[in-house]
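# missing the sequence, but the structure's below:
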């Protein structure tokens, strides 16, 4: 059973209770692969998001998720990556009661666990960890919200791009 018809109502509720933003994401399977949906469902969601955009102001925003962008362009479940190091892993991590992980997509993966915040100090974990233990070309064939950021960071490092936030700038990446 789908709840795609409730997007506008959910966005209105988010605005009414004081949320700063509303973001709709696609469904994932257990391997973090985006599940494709029928064109009618995607059109319905997009129509509702366009209508919800009328409520955007300085205190409320409709955020375009990378998963919906993938659905719109029919990218498919597998997202190959040609790079071997995730530069975004140098900027963020996931801290859980069961461990500190190099990436949220690898939560629970013992190979991606870089420490234990219960028994170790966070500065020590960060300074002593190998955040390159995950090879995106091998370990991250699923949809990754950080993929575009990694491509951009590679271009910046190569001197072939200038980092300028555009109209679709995502403050969470």
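Good, I have the coordinates. Note that this is a predicted model, so its numbers are computed, not measured. Numbering: from 1, shown residues only.

# CA atoms for contacts and neighbours, from now on please.
Fine.

# how close does residue 73 sit to residue 152?
Distance, residue 73 to residue 152, by C-alpha to C-alpha, to the nearest Å: 19 Å.

# these two: which has the busier surroundings?
Neighbour totals were compared for residue 73 and residue 152, and residue 152 leads with 17 against 9 (other C-alpha atoms under 10 Å).

# three-state assignment of the more buried one?
Local secondary structure at residue 152 is given as helix here, using DSSP: H, G, I helix; E, B strand; the rest coil.

# report the buried residues of the helix or strand bottoming out on mean pLDDT in the chain.
Least confident element among the helices and strands of the chain, by mean pLDDT, DSSP states H and E: helix 66-72 (a mean of 79). Within helix 66-72, the residues that qualify as buried are 66, 67, 68, 70, 71, counting by 16 or more other C-alpha atoms under 10 Å.

# so what's residue 96 bridging to?
As for beta bridges, residue 96 partners with residue 99 under DSSP bridges.

# what is the neighbour count of it?
Residue 96 has 14 nearby residues by other C-alpha under 10 Å.

# the residue most central in space within the chain - nearest residue in space that isn't next to it in sequence?
Nearest to the mean C-alpha position of the chain, by C-alpha atoms, centre = their mean, lies residue 145 at 3.1 Å. Once flanking residues are discounted, residue 145 sits nearest to residue 66: 5.8 Å by C-alpha to C-alpha, 6 or more residues apart in numbering.

# please determine how far that neighbour is located from residue 80.
Here residue 66 is placed at a distance of 15 Å from residue 80 (C-alpha to C-alpha).

# contact partners of the helix ranked longest in the chain?
If you go by DSSP state H, the chain has its longest helix at helix 39-52. The contact list for helix 39-52 (C-alpha atoms under 8 Å, 6 or more residues apart in numbering) reads 4, 5, 7, 8, 11, 12, 62, 71, 72.

# run the last query once more with 6 Å
Helix 39-52 is contacted by residues residue 8 when judged by C-alpha atoms under 6 Å, 6 or more residues apart in numbering.

# contact partners for residue 129?
residue 114.

# can you check residue 155 too?
With the criterion set at C-alpha under 6 Å, 6+ apart, residue 155 makes contact with residue 161.

# can you pull the buried residues of whichever strand or helix holds it?
Assigned by DSSP states H and E, residue 155 falls within helix 147-158. Buried positions in helix 147-158, judged by neighbour count with 16+ other C-alpha under 10 Å: 147, 149, 150, 151, 152, 153, 154.

# and the second one, what pLDDT?
You'll see residue 149 listed with a pLDDT of 89.

# likewise for the fifth one?
Here the pLDDT value assigned to residue 152 is 90.
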